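Trainee: predicted structure and sequence below. I'll ask about it afterward.
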Amino acid sequence: MSGESPRWKRIVFKPSGEALAGPSGSGLDGPTLESTAQEIIDLRQNLDVDVAVVVGGGNFWRGRTGSLDGMDATQSDHIGMLGTVMNALALQDALERLGQNTRVQSAIEMPRICEAYIRRRAVRHLEKGRVVIFAAGTGNPFFTTDTAAALRAAEIEAEVVIKGTHSGVDGVYTADPRSDASATKYDEISYLEVMTKNLKVMDATAIAFCRDNGIPIVVFDMSKPNSLRNILLGSSEGTIVH
């Protein structure tokens, strides 16, 4: 174990589905899965951090924006939940090929391929040094995987939600830096500012839930190597919302 002391001992890591797709933005990318798994393992095995992961599904299906014209919204969201299960199983495989014991728990029961989500069992897995991947969001339509990350963080008493982006944007900015050269980055910002300024960090439900439960959020660029370690060791990586 490293002698370095992380500032949080239990985290929920929220990679976007697109981030797991690598440069293409769709499907799955083997090298990206492997590098993500290596960073998670570094936290678990070298910094002794309990790591739970909530995966998005945008590399397969974008919910309402990715639905077919006229598709029922609930049906569309259920398809998106299945996309997150595919990502969870792929990440589990990447972690286990590198020697890290991992469990997938789904909010929609699929007993042939993963466990059902049970909070006490999830906490027990974490205490035993396993990485737990939460799939299928909250199991309910109309709630994003951002909200699922906030909910699971509160349930398992995680100390922070760490959200990895895929766009090359390394935090929260005053505007989209890809289209506005004058945009400046926040090193830290309050929940209220994020909501009142309508900054695209997480959906408003997730932000409000984290605020009400005192769970900070860190937004960072997943494509930058060692970012997770740097965040846990207190660097100014990304933006912290608190």
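Mentor: Looks like it came in fine. Everything quoted here is computed from the prediction, not taken from an experiment.
Trainee: from here on, just use CA atoms for contacts and neighbour counts.
Mentor: Noted.
Trainee: so where's the longest helix in this structure?
Mentor: helix 73-97 (DSSP state H).
Trainee: which stretches of this structure have low pLDDT?
Mentor: 1-3, 63-69, 167-168 (pLDDT under 70).
Trainee: neighbours around the spatially closest residue to residue 138 that is not a sequence neighbour, how many?
Mentor: Nearest non-adjacent residue to residue 138, counting by CA to CA, 6 or more residues apart in numbering: residue 148, 5.1 Å away. Look at residue 148: counted by other CA atoms under 10 Å, it has 25 neighbours.
Trainee: element containing residue 148?
Mentor: Assigned by DSSP states H and E, residue 148 belongs to helix 145-155.
Trainee: which helices and strands does that helix pack with?
Mentor: strand 10-15, strand 50-54, strand 160-165, helix 204-213 (3 or more CA pairs under 8 Å, 6 or more residues apart in numbering; DSSP states H and E).
Trainee: residue 184 contacts residue 175, doesn't it?
Mentor: Yes: contact criterion CA atoms under 8 Å: residue 184 and residue 175 qualify, at 7.4 Å.
Trainee: more neighbours: which of these two?
Mentor: residue 175 (17 against 14).
Trainee: and that one, what element?
Mentor: Under DSSP H and E, no helix or strand contains residue 175.
Trainee: now it: phi and psi?
Mentor: Phi and psi for residue 175, reported as degrees, to the nearest 10, are phi -150, psi 180.
Trainee: how about the helices and strands packed on helix 145-155 in TSV, adding distance to residue 121 and mean neighbour count?
Mentor: Below are the helices and strands packed on helix 145-155 laid out as TSV (distance: least, CA to CA, whole Å; neighbours: other CA atoms under 10 Å):
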stretch	distance to residue 121	mean neighbour count
strand 10-15	15	24
strand 50-54	13	26
strand 160-165	20	25
helix 204-213	22	18
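Trainee: quick one: closest of the ones you listed to residue 119.
Mentor: Nearest to residue 119 among the helices and strands packed on helix 145-155 is strand 50-54 (11.8 Å), distances taken as CA to CA.
Trainee: name every strand pairing with the closest one and say which way it goes.
Mentor: The strands beside strand 50-54 in its sheet (DSSP bridges) come out as strand 10-15 (parallel), strand 131-135 (parallel).
Trainee: who touches that strand?
Mentor: 9-15, 40, 43-44, 126-127, 129-135, 137, 145, 148-149 (CA atoms under 8 Å, 6 or more residues apart in numbering).
Trainee: may I have stretch 163-183 as PDB, with CA atoms only?
Mentor: Written as PDB, here are the backbone C-alpha positions of stretch 163-183 (Å, rounded to 0.1, in the frame of the first residue of the first chain):
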ATOM      1  CA  LYS A 163     -17.500  12.500 -12.600                       C
ATOM      2  CA  GLY A 164     -15.300  11.700 -15.600                       C
ATOM      3  CA  THR A 165     -16.000  13.600 -18.900                       C
ATOM      4  CA  HIS A 166     -15.100  12.500 -22.400                       C
ATOM      5  CA  SER A 167     -15.000  15.800 -24.200                       C
ATOM      6  CA  GLY A 168     -11.500  16.900 -23.300                       C
ATOM      7  CA  VAL A 169     -13.000  19.600 -21.000                       C
ATOM      8  CA  ASP A 170     -11.100  19.300 -17.700                       C
ATOM      9  CA  GLY A 171     -13.600  20.800 -15.300                       C
ATOM     10  CA  VAL A 172     -16.500  23.300 -15.000                       C
ATOM     11  CA  TYR A 173     -16.200  26.500 -17.100                       C
ATOM     12  CA  THR A 174     -18.100  29.700 -17.200                       C
ATOM     13  CA  ALA A 175     -19.100  28.600 -20.800                       C
ATOM     14  CA  ASP A 176     -18.200  25.900 -23.200                       C
ATOM     15  CA  PRO A 177     -14.500  26.300 -23.800                       C
ATOM     16  CA  ARG A 178     -14.700  24.500 -27.100                       C
ATOM     17  CA  SER A 179     -16.900  27.200 -28.600                       C
ATOM     18  CA  ASP A 180     -16.100  30.200 -26.400                       C
ATOM     19  CA  ALA A 181     -12.400  31.200 -26.100                       C
ATOM     20  CA  SER A 182     -13.100  33.600 -23.200                       C
ATOM     21  CA  ALA A 183     -14.500  30.800 -21.000                       C
END
